[in-house]
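Asks: No letters, just coordinates:
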């Protein structure tokens with residue numbers, strides 16, 4: 001593999017952050033993207049997509065630093081074990097990499113696409129050079145896992161007999177449902193819209209997150225035993241007292257849908273609208289369960 005000094009040597013990790021330059025995976029060309037509603041990221045088989053060799057090179061740039069700020073609170077909000085799965089990608093151990101990624105992240109195919117990657121901003125290598133391409137590597141791990149059949153339904157072996165109703169099917173609701181279901185509880189998710197996903201389905205545009213990607217994970221959750229009820233607006237067409245009577249616990253995983261107006265110059269001009277107003281917390285909520 002070519003190094004910064006122009007020489008060609010076997011890929012090695014000890015001085016990877018010195019020997020190799022940051023090479024993020026590019027987006028699809030703008031002139032191509034304006035012709036469809038597809039994601040920004042190239043699909044498998046596209047020449048823009050990095051090879052496993054290039055992914056290994058980029059993973060080799062991870063420094064194994066003593067204090068990995070990338071996975072701290074200032075780096076990754078869900079505390080992903082980033083240096084660990086970077087090293088597994090470098091070693092070509094993709095099955096172990098997705099297992100390690102799933103330990104802290106219920107839906108890495110979502111975060112790998114839409115997260116603004118504060119982990120890269122916290123990367124120690126970024127202090128003097130380009131940070132490690134953490135977001136690309138996360139995205140690559142989970143997409144390869146789906147393509148290779150490594151992500152399959154995990155049916156709980158035992159059930160607790162407890163039932164939980166979750167109100168809201170956005171990221172928080174789905175993550176809570178996944179965690180509680182794996183603990184053996186019987187989980188039902190209620191969603192007021194006609195499709196499951198909340199913010200993922202109705203808040204994030206297709207160019208960042210394909211709805212097929214959302215449906216793929218929701219269908220997996222169904223296979224694992226989670227039930228979903230759509231068009232269920234709690235307090236309107238579904239009585240909250242019925243939920244209290246029929247379930248042992250209720251989890252509220254709601255987004256804020258009331259925007260905050262700003263009294264700033266130009267607010268009344270034509271074409272000025274409220275931005276997306278939903279805000280959802282995933283792992284922080286789960287720590288309280």
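Replies: Here it is on my side, so go on. Please read these numbers as outputs of a predicted model, since none were measured by experiment.
Asks: how near is residue 109 to residue 210?
Replies: 10 Å (C-beta to C-beta, to the nearest Å). Just so you know, the C-beta spots here come from the backbone N, C-alpha and C atoms, and that holds for glycine as well.
Asks: and these two? which has more neighbours close in?
Replies: Taking other C-beta atoms under 10 Å, residue 109 and residue 210 do not tie; residue 109 has more neighbours (22 against 18).
Asks: Can you show me the strands along this protein?
Replies: Using DSSP state E, the strands found in the chain span residues 163-167, 186-190, 227-229, 249-252.
Asks: I'd like to know which elements the first one is packed against.
Replies: By that I understand strand 163-167. For strand 163-167, the elements it packs on are helix 171-182, strand 186-190, helix 240-246, strand 249-252, judged by 3 or more C-beta pairs under 8 Å, 6 or more residues apart in numbering; DSSP states H and E.
Asks: and if we set it to 6 Å?
Replies: Contacting strand 163-167 under the criterion 3 or more C-beta pairs under 6 Å, 6 or more residues apart in numbering; DSSP states H and E are the following elements: helix 171-182, strand 186-190, strand 249-252.
Asks: Tell me the buried residues in the last one?
Replies: Translated: strand 249-252. 250, 251 (16 or more other C-beta atoms under 10 Å).
Asks: Counting by contacts, list what that strand packs against.
Replies: Packed next to strand 249-252, using 3+ C-beta pairs under 6 Å, 6+ apart, are strand 163-167.
Asks: Generate TSV for the strands of the chain, with mean pLDDT and distance to residue 40 as supplementary columns.
Replies: Putting the strands of the chain into TSV (pLDDT from 0 to 100; distance: least, C-beta to C-beta, whole Å) gives the following:
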stretch	mean pLDDT	distance to residue 40
strand 163-167	97	31
strand 186-190	98	29
strand 227-229	98	28
strand 249-252	95	33
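Asks: Any regions of this protein where pLDDT drops low?
Replies: Within the chain, the stretches with pLDDT under 70 are 276-289.
Asks: Closest to the mean position in it, which residue would that be?
Replies: Per C-alpha atoms, centre = their mean, the C-alpha nearest to the average position across the chain is that of residue 111, at 2.1 Å.
Asks: How many residues are close by the nearest residue to that one once chain neighbours are set aside?
Replies: Among residues not flanking residue 111 along the chain, residue 105 sits closest, at 6.1 Å (C-beta to C-beta, 6 or more residues apart in numbering). Neighbour count for residue 105, taken as other C-beta under 10 Å: 24.
Asks: before we move on, what about residue 48?
Replies: 13.
Asks: Tell me how far residue 50 lies from residue 171.
Replies: Distance of residue 50 to residue 171, given as C-beta to C-beta: 27 Å.
Asks: Quick check on those two: which one has the bigger neighbour count.
Replies: More crowded of residue 50 and residue 171, by other C-beta under 10 Å: residue 171, with 27 against 20.
Asks: Walk me through the domains of this structure.
Replies: What automatic domain parsing lists as the domains of the chain is 16-147, 163-257+268-286.
Asks: now those domains in JSON lines, with distance to residue 2?
Replies: Listed next are the domains of the chain as JSON lines, based on distance: least, C-beta to C-beta, whole Å:
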{"stretch": "domain 16-147", "distance to residue 2": "9"}
{"stretch": "domain 163-257+268-286", "distance to residue 2": "32"}
